[in-house]
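J.: Fold the following and give me the result.
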Amino acid sequence: MSKPPISLVLAFLLPVLTTGCGDLLPRGETVAESPWQSFEDAQQTFNQIVPRVTTVADLKRLKLDPLSNPNITLLNYSDVLRRFIPSPAIDPNDLEAGVRECLQAKSACSGYEVDQRSLKRKRFGNFWVDFLNFQRKTDIVGWRFNGVILIKDGVVIYKLTGGQPHIHEHEDSRNPLGPFQGIGESRLLNVR
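T.: Numbers count the residues shown, from 1 in each chain. Prediction:
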């Protein structure tokens, strides 16, 4: 077996020697395509919606169009019913007026559900401990926005927003056997 050329060895070692080991840890980002850069941007858009005034054409101008924004789900009557009356124990008379009107209109009412999120994952800690799979630490930051709009006769009759303006989580997974952690399980599965 021949030795690898020195240029190949240097190409691998040069980044390791010239940067901090922490910079070599993986990073990831989950961002759903969206017209909004933050929770606040999405909330400001929804604040412009006025029930019984805002039309479907207005929603398109606000970039709340399910045909051009990939994170908007169309809701039919059945979806609205399941969402607002998940149990027979819920009295429809206790619901807000716009929701009751939508449920009474049956198939003449539809809706949009917006589910937008942006999460950035950054691993941190000791490079070699992470690389050898003994311990992996991940810092997750971002936001998640949810909104529901009910529409009857081309006019918004109800809106509701929620979500998490700030997400900050830490994941810490430990494997005492490092790279050998899953070998026993995989051997047992192959025996069967």
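J.: Look up which residues are beta-bridged to the residue nearest the centre of the chain.
T.: With distances taken as C-alpha atoms, centre = their mean, R117 lies nearest the centre of the chain, 3.8 Å away. Taking DSSP bridges as the rule, R117 bridges to R144.
J.: what about the longest strand in the protein?
T.: Under DSSP state E, the strand in the chain containing the largest number of residues is strand 155-174.
J.: all helices of this structure, in order?
T.: 6-18, 39-47, 56-61, 77-84, 97-105, 127-131, 183-191 (DSSP state H).
J.: Now do the buried residues in the longest strand of the chain.
T.: V156, I157, Y158, K159, L160, T161, G163, I167 (16 or more other C-beta atoms under 10 Å). C-beta here means a position set from N, CA and C on the backbone, and glycine is covered the same way.
J.: centre of the chain versus that strand, how much separation?
T.: The chain centre lies 8 Å from the centre of strand 155-174; the measure is C-alpha atoms, centre = their mean, to the nearest Å.
J.: For that strand, name the packing helices and strands.
T.: Applying 3 or more C-beta pairs under 8 Å, 6 or more residues apart in numbering; DSSP states H and E, one finds that strand 155-174 makes contact with helix 39-47, helix 97-105, strand 109-124, strand 135-152.
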